[in-house]
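**Student:** can you look at this prediction? I've put the sequence above it.
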Amino acid sequence: MRRAAKARIPHRTKSARRTHTAASSTARGGAGDPVRFAVIGQGYFAQAAILPAFTSTRACELRAIFSDDDEKLSTLREKYGLAAALGYDQYDEYLRSGEIDAVYIALPNDQHRDFTVRAARAGIHVLVEKPIALDADEAERMKLVCEESNVKLMVAYRLHFEGATLEAIERVTSGTIGRPRFFSTTFAMQVQKGNIRTRAERGGGPLLDLGVYCVNAARSLFRAEPLSVTAMSATRGNDSRFKEIDEQVSAILRFSDDRLAQMTCSFGAYDHSSLTVVGEEGRIDMDPAYDYATELTVRTQVTGRKPQEKRFPKRDQVAAELDAFSHCVREDREPEPSGEEGLADMRVLDAIQRAIETGRTEPVNRVTPHIRPATRQEITRAPHGMPALVHATPPGR
């Protein structure tokens, strides 16, 4: 990758900077004005889903992008008509320029904490990709700094605004299948050799990348936090993709009321995702369960009734979360999913990693978010096609 060329950044006076910091709980501008964003990182998901999503929402405006690749910066700046396209070494200066209200951090997992903390301290709101961080300690630090800086922190759980996911949650919580007894989910892909997800020091591996979806789904559907976990991993030593990371991870999460959740995530298996919740009187299935660029279907079977299917057409899930976050910024409301939601998942993921290392059942140091996803959060935005990508390829093959 080439180093991005320097670009001139507008500066504000000291008095303007003080005004911006004091008003950091809401974005500058009126209630109807869009929240101004910079997207940090221009990898596959940023180019395929995040940048195009700004064209589907009026609640926010894409003002700037950051990358260390000159060609990405110049091509994407022209394509989206951006005010700025900058290198990472200009990040702190731009945060202080008054040109943006929020950042969407789409960097590798090991950079989430640093770029979040720097934005928060500059009075800039943060929407950060999941997992929120490498571990719970980092997540707690990010949450604390955002609270101290009076800025909003939201984790990009796009499915918290997707109708299919919220429908499944509603059916479980309303008692459609009776008391839920167990949950089972799988999420797998064939990761490409050399992809950043195969590098341990960057937070790679299937547990953080895919397992976070599985854990979040279990917590959301059971409306509870797991008490303890048992887990194991497998690594194919003859496959160079897995020299630094596990190839697959399986875990069992124990919840109150003797409920169990089983999950398996893999970087070396057929590309798919699915989930099933089984209750005393029925079951709910989704296959696929976690995809962002396809139709989703919720299937319900209840004793003595005909099976039911409810289809949800392909939607722009990222535009929905951008809308939701922007409204929280403008209305000075706590986002759902918040930093607390991201922390809750990290507590579980940390326990799973400990269980793998110790070979024992490990307790979860639980944190319970005061808001959980519900059907009122559904936001529907029209889908977009796959844009041309610049130096970016899908993580799977």
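**Tutor:** Thanks, I have the structure now.

**Student:** now His272, what's its secondary structure?
**Tutor:** strand (DSSP: H, G, I helix; E, B strand; the rest coil).

**Student:** pull the number of nearby residues for it.
**Tutor:** 15 (other CB atoms under 10 Å). Any C-beta I mention is one placed from the backbone N, CA and C, and that applies to glycine too.

**Student:** now do Ala382
**Tutor:** Neighbours of Ala382 using other CB under 10 Å come to 11.

**Student:** what residues are up against Gly282?
**Tutor:** Gly282 sits next to Thr176, Ile177, Gly178, Thr300, Gln301, Val302, Thr303, Arg305 when contact means CB atoms under 8 Å, 6 or more residues apart in numbering.

**Student:** ditto for Ile245
**Tutor:** Counting by CB under 8 Å, 6+ apart, Ile245 has contacts Arg197, Thr198, Arg199, Ala200, Gly204, Gly205, Pro206, Thr235, Phe267.

**Student:** sorry, back to before: just the buried members of the contacts of Gly282?
**Tutor:** Among the contacts of Gly282, those scoring as buried are Thr176, Ile177, Thr300, Val302 (criterion: 16 or more other CB atoms under 10 Å).

**Student:** could I get the contacts of Ile245 in TSV, plus columns for secondary structure and neighbour count?
**Tutor:** Shown next, in TSV, are the contacts of Ile245 (DSSP: H, G, I helix; E, B strand; the rest coil; neighbours: other CB atoms under 10 Å):
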residue	secondary structure	neighbour count
Arg197	helix	23
Thr198	helix	20
Arg199	coil	16
Ala200	helix	12
Gly204	coil	22
Gly205	coil	27
Pro206	helix	26
Thr235	coil	16
Phe267	coil	29
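
**Student:** for those, point out the one with the lowest pLDDT.
**Tutor:** Ranked by pLDDT, the contacts of Ile245 bottom out at Thr235 (87).

**Student:** in the stretch 201-350 of the chain, which spans are helices?
**Tutor:** With helices called from DSSP state H, counting those that start in this stretch, the stretch 201-350 of the chain shows them at 206, 212-222, 317-331, 339-358.

**Student:** out of those helices, which is closest to Val117?
**Tutor:** helix 339-358 (11.8 Å; CB to CB).

**Student:** which SSE is immediately downstream of the closest one?
**Tutor:** strand 362-363 (DSSP states H and E).

**Student:** given that following strand, what are its sheet partners and their directions?
**Tutor:** Looking at strand 362-363 with DSSP bridges, its partner strands are strand 228-234 (antiparallel).

**Student:** so which bits of stretch 259-279 are buried?
**Tutor:** 259-269, 273, 275-279.

**Student:** what do you get for stretch 55-73?
**Tutor:** Going by 16+ other CB under 10 Å, stretch 55-73 has these buried residues: 56-57, 59-67, 69, 72-73.

**Student:** ok, stretch 327-347 next?
**Tutor:** Within stretch 327-347, the residues that count as buried by 16+ other CB under 10 Å are 327-330, 335-347.

**Student:** check stretch 145-164 too.
**Tutor:** Buried-residue list, stretch 145-164, by 16+ other CB under 10 Å: 145-146, 149-164.

**Student:** quick one on the thing from earlier: including distance to Glu170, could the helices of the stretch 201-350 of the chain go into JSON lines?
**Tutor:** Putting those into JSON lines (distance: least, CB to CB, whole Å) gives the following:
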{"stretch": "helix 206", "distance to Glu170": "29"}
{"stretch": "helix 212-222", "distance to Glu170": "10"}
{"stretch": "helix 317-331", "distance to Glu170": "17"}
{"stretch": "helix 339-358", "distance to Glu170": "18"}
